Structure formats: C-alpha cells, structure tokens
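1. Could you work out the structure for the sequence below:
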Amino acid sequence: MHLYGDIPRLPSLGILLLFSLYLGLYTALFGSFVTVLGFRYSRNQVLCAVPFLWVAVELARARITGFPWDLLGYTQIDNLFLTRLAPWTGVMGLSFVVAAGNALWLLRPEPGMKRISGNDLVRQRYPPSRRFVGVAMAALVAAVATIVTMDGAHSVAERAPEAATLLQENLRVGSEASTETESKQQMLASFSQLSRHPTYSITDEEHQLYGTQRGQPSRIIIWPEAPTDFVDTDPMLRSTIGKLAIETKASVIVNDITLAGYEDGQPRLYNSASFFRSNGSYAGRYDKMHLVPFGEYVPYKPLFFFTGNLLDGLLFVPGVHRSVFMAGAREYGVFICYESIFGDELRHFPTEGAQVLVNISDDGWYGDTSAPWEHLDMVRMRAIENHRWLLRATNTGVTAAIDPQGRVIRTIPRHIRASVEVPFGFYSDITFYSRHGDWFAWFCVLAISMLLLLGEWPARPDNSMGR
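-> As a prediction, this is how the structure comes out:
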C-alpha cells in the first residue's frame, strides 16, 4: 500500500495490522468453539470434531469476510492422490483431511481403556456415543479412500490438441506506473507483435506428449489484466485487436475498462475482459463481479477515508452477469485476477457451458513476495475442481498453462515482456463440485451445529478436555 498506493508508511502499517487482526478473529472463533465443545464432550470426541469445525470456519471466511486466501487444503496442491477429492468436495475437502490428520494424531486412550501391547487397545467399557464416533471416523476414512482411488492414479498427460498464445506485458503497477513512457499506440504495436510471434513456442517433446501439430496456429490469444489505459469503446483498440484476430485467425481476449455512464458525478467503471472472434468481430465483454477491497473499491468508505490515494480515484462497480463466450463450436469462461480464489463462484462457468477456463490477472502488486505463487496454487485448484484446462495470462507473472489435474505444464520467467505458446484442450464433463459447490463445507457446518445443540451441559468431571 505504501509502495504502490502512495499511502504514508504509518497509515499503511495501520491498515495491515487492522486487516490481520480482523482475519485473526476466525482463528479466535475456532479456538473458542473448541473450548465450548471441550465442556460438553471428551477430549477424543472434540479432536474428532476439530476437522468439521475447521472447515466450517473456512466457509465463514469465504462467505462473511470474502477473503478465502490460502485455505488449508491448498497445501496439498501437488499431492496428486489427495487432490482427487477436489472434484467432489472442493478445496475445503482437502482442508478437512489435513485438519483431521493433525487432530487424530493427538488421540489417546480415555478412561476405561488399557494398553496391553504396542498400540493395541482393549476397551473395558465403551459407551454407545463413543462407539458411534469410532464408526463414523472409520466410515469417513473408507469414503476418502474410495473417492481418491475410483479413477485410479491420474499421472498421464491430459489430451491437449489445441494451441494458445499467452501474453505477459510486464507493465509497472501503481505509483511505479507513472514512470512508464510507452504510449497506447506503442503498447498495442508491441503486444500485437508478440501475439503474432510468440517468444516461446511449443517444443517437439510437448508436441509429441500432448498431441498438438507442428506449425499449428493458436486458436486463442490472451492479453492479461494490466495497468493500461485501454477503454472498451476506443476505436484504436478495437481496430488493432480486430486486425490481429483476422491475421492470426484466432480469437483474442484483452483487458480494458468500460465506462457505463455517471452516478453522482462519478464515472461508473467496470474492469472488463473483451472477447473478439477470429473474424475480428466483437463478441462482448465480461465485467469483473468480485472486486478487490481497497484495490478496486473502498468498503465502508467513510470509515476508511484515508485510503483514497490507494485507488488513485479509480473506483470500479461490480459486474452482474457471468459471461461465457463461444468461438466456433467451443466455449470459454473468463474470470479476472482475485476472482480465482472463490471456487464456489467459478464453478458456475462449466455448468454454463465453458469447456476451458481463462484467467487474466495482474499480480504486479505483490512484488517479489510469495503471493504470486500462492495465487497460482489457488488457480491450479480451480482447474482440478472443475476438470478443465486453465489458461492464465498475467502482467508480471506467473503466466502458465494448467492441465485439469492442476499441473503447470508451461510457464515463462516473471518480470519479462514475452509471450508463450501453450497446448490445451477442451472438456465438457461436469464434476460433482461444479454442480453442487461447497456442499461438504455446509455439511460440516450442520455437523458442528448438531454437536453444539445435542451435547451435554454441563460436562461430567471425567468429560473434560484437560484430561
């Protein structure tokens, strides 16, 4: 906020601390409910409830605060075995498994059980309530094992007979953008040249592995979200992109700003992705629906009046319609930057017909922190949840092609202006998660609610978490 938004250091620090404390309330909420459960159930029973509670709190983060960044399940993005859960439960199903693995590790014999050899336990008495918990956990383990193995080990290359060109513009962001010397015309000429002649082409090994043909032209060209002054209705922009589409015989996606009238003397602006068909015609636009707080709008503006400089007077309004674009007989679902962390929203693209997902993003605001890589991992999870190829073009990186198993199959270095040709494919199947969304997280909310309602109060002396 200080580097890119021109906010003084002290207010920037204050915003950071307030935001961190606000999100920290969810950890406090989790700990508070563990304590409440500890008064009503035994230690082992509470530990069995912990993964349900953790997922319920993650759902609250996604729905109340609207900031489900780095949920616990993303830690398993490279685990090809566990990620087989994601098309069924979404990322929160993986969060449940990780939380359960850590909680169940702490289980220990309760009163009425004695150790006879090694880790073998024999019950002298085992009330029905505890027996039910054991049966339930065994059923859960069996269900997880069944789901992750029903399709076998998915390690082979996904079919990818098509080619796309992803552009990485590498424009400075925020206050740094004021040092840019390129004119709009120069940027359009540079980006068009890179679109016609990719810096990095598909290798012979990739042609053989994914089934693309040598010399095959790109079916689609994707420009990233970036701090340009491109406006949707600008004749120069439309002429340049239309000409590029005709010459390359490819559809083109470009980020721009849409002016949709004025309200109270202020322009109504949308952060948009415009889609051009291969014949050069304008197919329409998608307006970003989930805006970034303090990046594209100011929530509770009277309270945060001092953040005005951060947006530099550029306030967006959210879109109201999720657009799926058709090129030929194929359909594309496009989403912009921060929207990628909302799995329950993006799942609607496949159900509305999208056969491939496209993410345009500007991660330049993150600098050289870990955030661009964290963002990439969350985008990868969207590919897994919906079983779709995902094409990601970013301003400063990480630009990548991601297969339906969440594997990054092609990328280019960050902080360079370049373009890359990547293989991809089309899928039309609808996963259970795409169709039903965060059903598993809501089930966890129901389970915790039932435990809180049905538990004994006050607890018996031998029913304490402290034992």
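
2. my guess is Ala273 is in a strand, correct?
-> Yes. Under DSSP: H, G, I helix; E, B strand; the rest coil, Ala273 sits within a strand.

3. show me what contacts it?
-> By C-beta atoms under 8 Å, 6 or more residues apart in numbering, the contact set of Ala273 is 225, 253-256, 285-286, 288, 334, 336, 358, 360. All C-beta atoms are positioned from the backbone trio N, CA, C, and that covers glycine.

4. quick one: pLDDT of it?
-> Looking at Ala273, its pLDDT stands at 96.

5. what's the distance between it and Cys337?
-> 10 Å (C-beta to C-beta, to the nearest Å).

6. Likewise for Ala164?
-> Distance, Ala164 to Cys337, using C-beta to C-beta: 19 Å.

7. which of the contacts of Ala273 has the most neighbours?
-> Val254 (30 neighbours; other C-beta atoms under 10 Å).

8. The closest residue to that residue other than its chain neighbours and Phe67: what is the separation?
-> Excluding the flanking residues, the one nearest Val254 by C-beta to C-beta, 6 or more residues apart in numbering is Trp223, at 4.4 Å. Separation of Trp223 from Phe67 (C-beta to C-beta): 27 Å.

9. neighbour-wise, which of those two wins?
-> Neighbours were counted for Trp223 and for Phe67 using other C-beta under 10 Å; Trp223 has more, 29 against 17.

10. right, and that one touches Asn255 too?
-> Yes. Counting by C-beta atoms under 8 Å, Asn255 is a contact partner of Trp223 at 6.2 Å.

11. Between these two, which contacts overlap?
-> Shared contacts of Trp223 and Asn255, defined by C-beta under 8 Å, 6+ apart, comprise Ile360.

12. sorry, back to before: reformat the contacts of Ala273 as a markdown table; add secondary structure.
-> Converted to a markdown table, these look like this (three-state DSSP):
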| residue | secondary structure |
| --- | --- |
| Glu225 | coil |
| Ile253 | strand |
| Val254 | strand |
| Asn255 | strand |
| Asp256 | strand |
| Arg285 | strand |
| Tyr286 | strand |
| Lys288 | coil |
| Val334 | strand |
| Ile336 | strand |
| Val358 | strand |
| Ile360 | strand |
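
13. what's the farthest-apart pair in those residues?
-> Maximum pairwise distance among those (C-beta to C-beta): 15.1 Å, between Asp256 and Val358.

14. How about Thr396, nearest residue that isn't a chain neighbour?
-> Closest residue to Thr396 apart from its sequence neighbours, by C-beta to C-beta, 6+ apart: Gly364 at 4.2 Å.

15. again, but for Leu107
-> Nearest residue to Leu107 in three dimensions, chain neighbours excluded: Asn44, at 5.3 Å (C-beta to C-beta, 6+ apart).

16. Ok, Pro224 next?
-> Nearest residue to Pro224 in three dimensions, chain neighbours excluded: Ala393, at 4.1 Å (C-beta to C-beta, 6+ apart).

17. ok, and what's touching the helix or strand where the one you found lies?
-> Assessed by DSSP states H and E, Ala393 sits inside strand 390-394. Residues from elsewhere that reach strand 390-394, judged by C-beta under 8 Å, 6+ apart: 164, 166-168, 220, 222-225, 253, 356-363, 372, 376, 379-380, 382-383, 398-402, 422, 424.

18. now, which of those lie within helices?
-> Filtering the contacts of strand 390-394 for membership in helices, criterion DSSP state H, returns 372, 376, 379-380, 382-383.

19. Point out where the stretch 251-400 of the chain drops to low pLDDT.
-> Low-confidence regions of the stretch 251-400 of the chain, defined by pLDDT under 70, span residues 262-265, 294-314.

20. Likewise for the stretch 51-200 of the chain?
-> 110-157, 175-180.

21. for it, what spans make up the helices?
-> In the stretch 51-200 of the chain, the helices defined using DSSP state H, counting those that start in this stretch lie at 86-89, 91-104, 128-149, 184-196.

22. Same check on the stretch 201-350 of the chain?
-> Going by DSSP H, counting those that start in this stretch, the stretch 201-350 of the chain shows helices at 204-210, 235-248, 308-311, 343-346, 348-351.

23. Take those and lay them out in TSV including mean neighbour count and distance to Phe325.
-> Shown next, in TSV, are these (neighbours: other C-beta atoms under 10 Å; distance: least, C-beta to C-beta, whole Å):
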stretch	mean neighbour count	distance to Phe325
helix 204-210	15	24
helix 235-248	17	13
helix 308-311	16	29
helix 343-346	22	15
helix 348-351	20	11
